[in-house]
Structures are given as structure tokens and as C-alpha cells.
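# Just to be clear, the model below is a prediction. Sequence and coordinates:
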Amino acid sequence: NDRRQLGLYAVSLLMTLLPTELAFMQRIFGTTSLSMHQWWLCFLAAVAWLLIDEMIKFFMRRGGEDKPAAAASTAPVKA
């Protein structure tokens, strides 16, 4: 599953880089090359997005762990 996710990230990266850097694709998509400063801004925005996403997942998992235990303790016990 991790390899598949890495593969999807690689495809996403290629689909971002190719239309902005290859001349024939720039003509097709109407894009232009980015400066190194612009690439760094894109990179920082992507890293910030990933960190926010991972923080959300962390807190959702952390909150989800308490609920099943509480639900199990209130379940009726068969005699």
C-alpha cells in the first residue's frame, strides 16, 4: 500500500513538472517555466499541506481510540 501511494506521488509530481518545464507541453497547456523561487514556494506549500493533513489524521486517530473503549464498557453484559 505504501509503494502504491509513493507511485501516486511520483505520478502527481511528474504531471506537475512536465507541463511547466517541457516546451511542447507548455504550448499545449498554456503554461510557462517557473523560477527556482517559485518552485520553492510550491514546495513549501505542498509540505505545509502534508503536515496539516498528517496532523488532522493524528488527532482523528487519537480521538477515535477512546470511543470504542467507552462504547465497549457501556455494552450490556450477558449472564
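Sure, I can see it.

# alpha carbons only for contacts and neighbour counts from here, please
OK.

# Just give me how far the one helix or strand Trp49 maps to sits from the chain centre.
Trp49 is part of helix 36-73, with elements assigned from DSSP states H and E. Relative to its chain's centre, helix 36-73 lies at 9 Å (Cα atoms, centre = their mean, to the nearest Å).

# pLDDT (mean, whole number) over that helix?
Helix 36-73 shows a mean pLDDT of 83.

# what's the answer for stretch 22-32, then?
For stretch 22-32, mean pLDDT is 94.

# The helix holding Trp49 - contacts with which helices or strands?
Using 3 or more Cα pairs under 8 Å, 6 or more residues apart in numbering; DSSP states H and E, no helix or strand is in contact with helix 36-73.

# CA atoms of stretch 26-37 as PDB?
Extracted C-alpha coordinates of stretch 26-37, given in PDB (Å, rounded to 0.1, in the frame of the first residue of the first chain):
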ATOM      1  CA  GLN A  26       3.800  24.400 -22.300                       C
ATOM      2  CA  ARG A  27       2.300  25.200 -25.700                       C
ATOM      3  CA  ILE A  28      -0.400  22.600 -25.200                       C
ATOM      4  CA  PHE A  29      -1.400  23.700 -21.700                       C
ATOM      5  CA  GLY A  30      -0.500  27.400 -22.000                       C
ATOM      6  CA  THR A  31       2.000  27.300 -19.100                       C
ATOM      7  CA  THR A  32       5.400  28.800 -18.600                       C
ATOM      8  CA  SER A  33       8.600  27.800 -16.700                       C
ATOM      9  CA  LEU A  34       8.800  28.600 -13.100                       C
ATOM     10  CA  SER A  35      11.800  30.300 -11.400                       C
ATOM     11  CA  MET A  36      13.600  28.500  -8.600                       C
ATOM     12  CA  HIS A  37      12.000  30.900  -6.100                       C
END
